[in-house]
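# here you go, sequence then predicted model.
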Amino acid sequence: MESVIVPPTVFSTDVLQPFEVMKNSALTYGIDPGSLIVGEDGVVRFVMVARSASGALNVLYQGIRCATAETKTYARLSDKGSWNTSPDVQWQALSFRGQTRPAMMLARQGVCEGRTITGNPQKILATLKTDRVDYR
């Protein structure tokens with residue numbers, strides 16, 4: 001059973017652990033290390049930030065479930081700085097194509113080892129720093 005999820009009230013878009021989604025992409029991606037948690041329900045949750053070359057931000061609160069290779073976006077940050085949540089958000093299969101690609105690449109680069117979670121947040125962050133990239 002999945003835990004009740006509340007987006008974090010405090011997070012940073014300034015100190016991000018970067019990860020690569022696509023070579024030569026117009027967007028850069030990162031997660032806020034302070035927001036990364038490994039839930040007792042087997043879900044790794046984090047604030048993910050996509051930044052355009054002009055500095056525009058897309059900030060999401062997401063989860064990855066390694067055991068089922070799925071992701072869920074719990075909330076999006078509005079222009080006013082508050083989280084927009086949707087109660088009927090469904091899990092989606094991780095894929096190298098489409099809107100789940102950033103989560104798929106994050107899972108491959110450090111969150112998951114196959115169908116298991118890499119470890120605690122510190123181990124996940126350390127693994128992300130080793131730049132384990134597989135673009136397919």
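It's in.
# which residues in this protein form helices?
For the chain, the helices defined by DSSP state H occupy 101-106, 121-129.
# nearest to residue 23, of these?
helix 101-106 (11.1 Å; C-beta to C-beta). From N, CA and C alone the C-beta is placed, and that goes for glycine too.
# show residues contacting that closest one.
If you take C-beta atoms under 8 Å, 6 or more residues apart in numbering as the criterion, helix 101-106 is touched by 19-22, 29, 31, 48, 50, 62, 64, 71, 94-96, 128, 133.
# can I get that helix in CSV, CA atoms only?
Backbone C-alpha positions of helix 101-106 (Å, rounded to 0.1, in the frame of the first residue of the first chain) are rendered in CSV as follows:
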residue,chain,number,x,y,z
ARG,A,101,12.0,9.5,-20.1
PRO,A,102,13.5,11.8,-17.4
ALA,A,103,12.3,9.4,-14.6
MET,A,104,13.6,6.4,-16.6
MET,A,105,17.0,8.0,-17.0
LEU,A,106,17.1,8.9,-13.3
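# related to what we said a few turns ago, winner for burial among the helices of the chain?
Sort the helices of the chain by mean neighbour count, taking mean count of other C-beta atoms under 10 Å, and helix 101-106 sits at the top with a mean of 23.
# and the strands in the protein?
17-19, 27-31, 37-38, 44-52, 57-65, 70-77, 83-85, 92-93, 112-113, 116-117 (DSSP state E).
# narrow the contacts of helix 101-106 to those that are buried.
For the contacts of helix 101-106, a burial check counting by 16 or more other C-beta atoms under 10 Å picks out 19, 21, 29, 31, 48, 50, 62, 64, 71, 94, 128.
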